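Chemist: coordinates for the following, if possible.
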Amino acid sequence: PILNSDFINGSKKAITNDLIWQFNAETNRVLGKSDVLIWSSLYRLVEGSMDAMEDGYHLTKLALVKSTQMILNLVCNDNMNFNDGSCCKSSDHRTTLQTVTFCILAFAVILSIVVIVYHLFCKRRSDRFGNYRYERPPGTLAPFQMPSNSFTDFLFPLARLAIIMGYFYICDRTNFFMKENKYFTPINFWLPVLYLTVIGLFFNEESSFTSVLHRDQMDEWKGWMQMVILVYHMTGANLSIPIYLHVRVLITAFLFLLGYTHFQHFWSKSSGGTFTRFLQVLFKMNFLTFTLCLCMNRPYQFYYFAPLMSFWYLVLFCVLKTPPIVTQQTLDTSSTQVTQYLYVILKFAAFVAIISTLYMSEVFFEKVFVTRPWKALFVTTDDDIHEWWFRWKLDRYSIIYGCLFSLAIIIGTKLKLFDDSTLSSLWPRTIALPATFLAVIGLCSYTVFACLCKNKSEGNEIHPYVAFVPIISWIVLRNMAGLWRSRYSSFFAWFGRISLELLISQYHIWLSADSHGVLVLIPNYPVMNLLLTSFIFVCACHELHCITAHLLPYFVPPEPIAAARNIVVFILILVPIGIHDGMF
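Modeler: Residues are numbered from 1 along each chain as shown. This is a model prediction of the structure:
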């Protein structure tokens with residue numbers, strides 16, 4: 001470091017900055033091309049504190065603290081788990097699995113380019129030597145049609161996926177783009193939520209459905225909840241206990257809708273309980289997550305929402321397929337319908353008993369989920385099961401609430417306890433007013449509970465038992481009047497259809513540093529940076545949603561034999577990966 005000659009006395013004046021620079025230059029010449037790290041930025045740190053030096057050559061206390069911190073950052077940061085988005089840290093080293101995955105995706109891109117170039121070449125030759133040549137009107141562009149067949153319909157989505165995964169990797173697994181920390185203030189959270197809500201209300205349209213919780217309404221609900229969750233993560237609003245508890249309700253509502261939707265489908269559709277549809281649903285839930293695990297070198301549990309939904313859907317499928325199987329078809333052919341409903345209730349009672357048993361013993365819970373080979377699905381990078389335990393116990397009854405509400409809707413429709421077939425109210429005025437009043441009380445009571453809650457742990461303990469109250473209260477208010485029930489926000493519904501992709505992708509191309517920070521594409525301009533990253537983020541998620549839909553029939557064909565064949569291939573691919581990662 002440099003010296004302050006004004007403070008140096010006696011023989012120490014023989015040491016000058018020129019001599020120090022000569023020594024540094026010689027050191028850099030000798031060691032510059034070796035593996036030795038040369039700390040060359042210390043003099044910049046000393047320059048800012050020269051006037052505070054006591055003797056002219058010893059570092060000030062502030063400079064000493066900062067320099068020590070820099071050394072610790074250099075040595076320790078790569079080996080620490082820190083909740084910070086801007087810490088100095090080397091880029092993660094690529095694993096063999098990442099290299100192989102990106103090579104396969106890169107091959108898809110190269111092959112796609114070859115196919116397109118070959119298609120253009122053949123088209124040009126046919127235009128030149130063909131008997132008939134189409135003459136374009138002056139001033140119009142030549143139409144270009146991508147080659148379309150079963151091979152290209154599989155190849156081109158893979159190529160698009162490769163480009164998107166490359167962007168994911170650059171944003172979050174390298175230091176190419178900057179990162180910054182989150183800064184929470186209540187206004188930073190509530191202002192975007194209010195702004196997005198108002199925008200969504202302007203895009204209201206008439207739905208073709210009038211039933212309770214029809215598809216457009218569920219997409220709208222998912223979209224609004226997803227946008228609130230995104231703002232919550234972006235602003236670090238988990239520091240506020242009331243906001244934290246309300247967002248927990250939104251996560252519970254997603255699982256509630258999962259149970260409601262799939263119970264309805266299983267009950268009413270003959271294909272609801274087929275094994276092929278079961279695989280298709282799991283593919284939609286996990287394709288993006290599985291791809292990110294390979295490309296980003298993150299454990300499956302890092303994307304907690306996909307494992308949570310997949311686990312509860314798997315459990316629900318097993319419960320509903322356990323004999324006796326009860327559906328609308330079996331109910332219509334049975335002479336004892338009450339008995340059929342009783343079977344369903346008993347199934348869910350046994351379901352609740354098993355869940356409660358697991359909850360009462362964390363040791364037993366760990367023995368179940370830490371068993372190989374599925375242990376890798378439930379532990380984090382540190383080989384810790386507690387994150388899964390926390391997520392599981394928080395929403396352990398959510399899917400049951402959704403299934404029971406779906407069953408109540410089915411029974412209520414059959415017994416004509418309400419009328420949702422027209423634009424009129426669900427109930428007569430004498431019932432509608434008290435029901436609306438109770439629903440408002442239900443929403444307000446949970447808000448009061450969240451505001452009075454002293455800490456997160458207390459709220460988390462009570463949450464599983466009361467989370468259904470605000471959810472059902474909102475459903476009653478949203479569906480009470482026919483005018484409200486038949487209209488929906490197309491703005492929120494559009495986002496609701498890609499809600500899973502939004503929730504999973506945010507960790508890499510909207511947030512950063514494993515969700516502890518925020519991605520920065522335009523430094524020093526936070527508003528412009530937010531607009532740009534949000535635009536790219538939403539476009540990428542929409543494209544990923546389309547890619548998943550395009551690849552679904554190739555990975556999970558509708559024919560059971562073909563689907564079983566693909567499962568065997570998938571297991572054969574997983575076995576060497578599992579052996580490499582110590583799953584077996």
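Chemist: for this protein, which helix is longest?
Modeler: If you go by DSSP state H, the chain has its longest helix at helix 96-129.
Chemist: quick check: next helix or strand after that one?
Modeler: helix 150-172 (DSSP states H and E).
Chemist: as CSV, could you dump the C-alpha coordinates of stretch 554-561?
Modeler: This file holds the C-alpha atoms of stretch 554-561, laid out as CSV (Å, rounded to 0.1, in the frame of the first residue of the first chain):
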residue,chain,number,x,y,z
TYR,A,554,-43.4,-37.1,-27.3
PHE,A,555,-42.3,-37.8,-23.7
VAL,A,556,-45.7,-39.1,-22.5
PRO,A,557,-47.6,-40.6,-25.5
PRO,A,558,-51.3,-41.3,-25.1
GLU,A,559,-50.8,-45.0,-25.8
PRO,A,560,-50.1,-46.8,-22.4
ILE,A,561,-47.5,-49.1,-23.9
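Chemist: can you point out the buried residues in it?
Modeler: By neighbour count on 16 or more other Cβ atoms under 10 Å, the buried set for stretch 554-561 is 555-557. Backbone N, C-alpha and C define where each C-beta goes, glycine included.
Chemist: and of the residues you listed, the nearest to Leu288?
Modeler: Using Cβ to Cβ, Phe555 comes nearest to Leu288 of these, at 12.6 Å.
Chemist: contacts only, for the closest one.
Modeler: With contact taken as Cβ atoms under 8 Å, 6 or more residues apart in numbering, Phe555 is in contact with 283, 287, 566.
Chemist: once you drop chain neighbours, what's closest to the second one?
Modeler: This means Phe287. Excluding its sequence neighbours, the residue lying closest to Phe287 (Cβ to Cβ, 6 or more residues apart in numbering) is Thr548, at 5.1 Å.
Chemist: try the first one
Modeler: Spatial nearest neighbour of Phe283, excluding adjacent residues (Cβ to Cβ, 6+ apart): Val556 at 4.9 Å.
Chemist: and that neighbour, backbone torsions?
Modeler: Here is the backbone geometry of Val556 (degrees, to the nearest 10): phi -130, psi 80.
Chemist: give me the nearest residue to the residue positioned nearest the centre of the chain, chain neighbours excluded.
Modeler: Compute the mean C-alpha point of the chain, and by Cα atoms, centre = their mean the closest residue is Ile504, 1.9 Å away. Sequence neighbours aside, Tyr303 is the residue nearest to Ile504 in space, at 5.1 Å (criterion: Cβ to Cβ, 6+ apart).
Chemist: wait, that neighbour touches Phe290, no?
Modeler: No: Tyr303 lies out of contact with Phe290 (Cβ atoms under 8 Å); the separation is 9.5 Å.
Chemist: quick check on these two: which one has the bigger neighbour count.
Modeler: Between Tyr303 and Phe290, Tyr303 has the larger neighbour count (other Cβ atoms under 10 Å), namely 23 against 16.
Chemist: now the phi/psi pair for the more buried one, please.
Modeler: Dihedral angles phi and psi of Tyr303 (degrees, to the nearest 10) take the values phi -90, psi 70.
Chemist: same deal with Tyr488?
Modeler: Main-chain dihedrals, Tyr488, degrees, to the nearest 10: phi -150, psi 160.
Chemist: got a list of what it touches?
Modeler: 204-205, 207, 216-217, 219-220.
Chemist: how about a cut-off of 10 Å?
Modeler: Tyr488 is in contact with 200, 203-207, 209, 214-221, 223, 478, 496, counting by Cβ atoms under 10 Å, 6 or more residues apart in numbering.
Chemist: what's opposite it in the beta bridge?
Modeler: Beta-bridge partners for Tyr488, by DSSP bridges, are Glu205.
Chemist: residue ranges with poor pLDDT in the stretch 451-584 of the chain?
Modeler: Within the stretch 451-584 of the chain, the segments meeting pLDDT under 70 span 581-584.
Chemist: how near is Lys284 to Ser41?
Modeler: Separation of Lys284 from Ser41 (Cβ to Cβ, to the nearest Å): 49 Å.
Chemist: still on that earlier bit, in helices, which of the contacts of Tyr488 appear?
Modeler: Per DSSP H, these map to helices at 200, 215-221, 223, 478, 496.
Chemist: quick check: the two most widely separated of these?
Modeler: Gly200 and Arg215 (17.3 Å).
Chemist: what about those two, which has more around it?
Modeler: Of the pair Gly200 and Arg215, Gly200 is the one with more neighbours under other Cβ under 10 Å, namely 21 against 16.
Chemist: give the next helix or strand downstream of the helix-or-strand element of the chain with minimal mean pLDDT.
Modeler: Ranked by mean pLDDT, DSSP states H and E, the weakest helix or strand in the chain is helix 42-47, scoring a mean of 69. Per DSSP H and E, the first helix or strand lying C-terminal to helix 42-47 is helix 61-76.
Chemist: mean confidence (pLDDT) on that next one, please.
Modeler: Averaged over helix 61-76, pLDDT sits at 75.
Chemist: any stretches of the protein with poor pLDDT?
Modeler: Residues of the chain that meet the criterion pLDDT under 70 lie in 1-17, 43, 45, 47-59, 76-91, 126-145, 270-273, 581-584.
Chemist: cutoff 80 now
Modeler: Scanning the chain for pLDDT under 80 picks out 1-93, 123-148, 269-273, 334-335, 381-383, 513-514, 577-584.
Chemist: all strands of it, in order?
Modeler: Here the chain has its strands, by DSSP state E, at 178-181, 204-206, 487-489, 511-512, 517-520.
Chemist: so which elements touch the fourth one?
Modeler: Applying 3 or more Cβ pairs under 10 Å, 6 or more residues apart in numbering; DSSP states H and E, one finds that strand 511-512 contacts helix 150-172, strand 178-181, helix 215-235, strand 517-520, helix 526-555.
Chemist: touching it from outside, list them.
Modeler: Contacts with strand 511-512, where a contact means Cβ under 10 Å, 6+ apart, come from 85-86, 171-173, 177-180, 182, 230, 233-234, 236, 505, 517-520, 533, 537.
Chemist: chain neighbours aside, what residue packs nearest to Asn460?
Modeler: Asn460's closest residue in space is Leu394 (Cβ to Cβ, 6+ apart), at 6.0 Å.
Chemist: try Leu201
Modeler: Leu201 sits nearest to Ser489 (Cβ to Cβ, 6+ apart), 6.5 Å away.
Chemist: what's the burial count for that neighbour?
Modeler: For Ser489, the neighbour count with other Cβ under 10 Å is 24.
Chemist: who's the closest spatial neighbour of Ser268, skipping the chain neighbours?
Modeler: Spatially, and ignoring its direct neighbours in sequence, Ser268 is nearest to Gln328 (5.3 Å; Cβ to Cβ, 6+ apart).
Chemist: and the one you found, how many neighbours does it have?
Modeler: By other Cβ under 10 Å, the residues close to Gln328 number 16.
Chemist: close enough to count as contact, it and Lys414?
Modeler: Yes: the criterion here is Cβ atoms under 10 Å, and Gln328 meets it with Lys414 at 9.4 Å.
Chemist: look at Cys171 and say how many residues are nearby.
Modeler: Cys171: 21 neighbours (other Cβ under 10 Å).
Chemist: isn't it up against Ile536?
Modeler: Yes: using Cβ under 10 Å, Cys171 is in contact with Ile536, at 9.1 Å.
Chemist: any shared contact partners between those two?
Modeler: Residues within reach of Cys171 and of Ile536 at once, by Cβ under 10 Å, 6+ apart, are 509-510, 519, 521.
Chemist: return a ChimeraX selection command for the buried portion of those.
Modeler: To isolate the buried subset of the shared contacts of Cys171 and Ile536 in ChimeraX, counting by 16+ other Cβ under 10 Å, use the following:
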select :509,510,519
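Chemist: as CSV, the shared contacts of Cys171 and Ile536 with distance to Ile116 would be great.
Modeler: What follows is the shared contacts of Cys171 and Ile536, written out as CSV (distance: Cβ to Cβ, whole Å):
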residue, distance to Ile116
Ile509, 26
Trp510, 31
Leu519, 31
Leu521, 29
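Chemist: closest one of the shared contacts of Cys171 and Ile536 to His246?
Modeler: In terms of Cβ to Cβ, no member of these lies closer to His246 than Trp510, at 21.1 Å.
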